[in-house]
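> Below is the structure, and that's it, no one-letter string:
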């Protein structure tokens, strides 16, 4: 028969081994969650982002102005999703959350609010064009009519 002191030591060793094993197994089963990137960027940085992603199917530009504003001129390849529409949140939520997005509006206010919504909805990477299309045009950057 094992002495009481030895039995306690064996039980402690077995318990410790089980705890260490459980901790290691739990660590192995967790998947790394990519950090969310939600940022404001300058027109120049936005232009660079667009240039770097010209052929990237996982990059999209969203103009959150009204359809009338969009028709007056917009960034090339932009999709219009009207921030003032009652279905805005639903339409944004239908977008692929794993893509990278550049969003903008006229002055940057609506798109800043849209950026907050995208963060809440779990978008992985989204950038807001500071100063909107106004600052974009003032910087002499290209847009489409």
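Perfect, thanks for sending it. This one's a predicted model, so the numbers in the text were calculated from it and none came from an experiment.
> okay, CA-based contacts and neighbour counts for the rest of this
Fine.
> all strands for this structure, in order.
Under the criterion DSSP state E, the chain contains strands at 37-41, 59-63, 78-80, 100-104, 125-129.
> Report the distance from the last one to the chain centre.
In terms of C-alpha atoms, centre = their mean, to the nearest Å, the centre of strand 125-129 is found 8 Å from the chain centre.
> tell me what it is packed against?
strand 37-41, strand 100-104, helix 109-120 (3 or more C-alpha pairs under 8 Å, 6 or more residues apart in numbering; DSSP states H and E).
> between the longest one and strand 37-41, how many degrees?
With axes from the mean of the first three to the mean of the last three C-alpha atoms, to 10 degrees as the basis, helix 109-120 and strand 37-41 are set at 170 degrees to each other.
> ok, now the second one?
The directions of strand 100-104 and strand 37-41 differ by 40 degrees, with the same axes, to 10 degrees as the criterion.
> can you list the domains in this protein?
Residue ranges for the domains of the chain, per automatic domain parsing: 1-31, 37-138.
> want to throw those into JSON lines with distance to residue 144, mean pLDDT and mean neighbour count?
Formatted as JSON lines, the domains of the chain follow (distance: least, C-alpha to C-alpha, whole Å; pLDDT from 0 to 100; neighbours: other C-alpha atoms under 10 Å):
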{"stretch": "domain 1-31", "distance to residue 144": "42", "mean pLDDT": "53", "mean neighbour count": "10"}
{"stretch": "domain 37-138", "distance to residue 144": "5", "mean pLDDT": "98", "mean neighbour count": "18"}
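> how far away is residue 112 from residue 145?
24 Å (C-alpha to C-alpha, to the nearest Å).
> Would you confirm that residue 132 contacts residue 106?
Yes: counting by C-alpha atoms under 8 Å, residue 132 touches residue 106, with 4.8 Å between them.
> now stretch 63-70: how far from the chain's centre is it?
22 Å.
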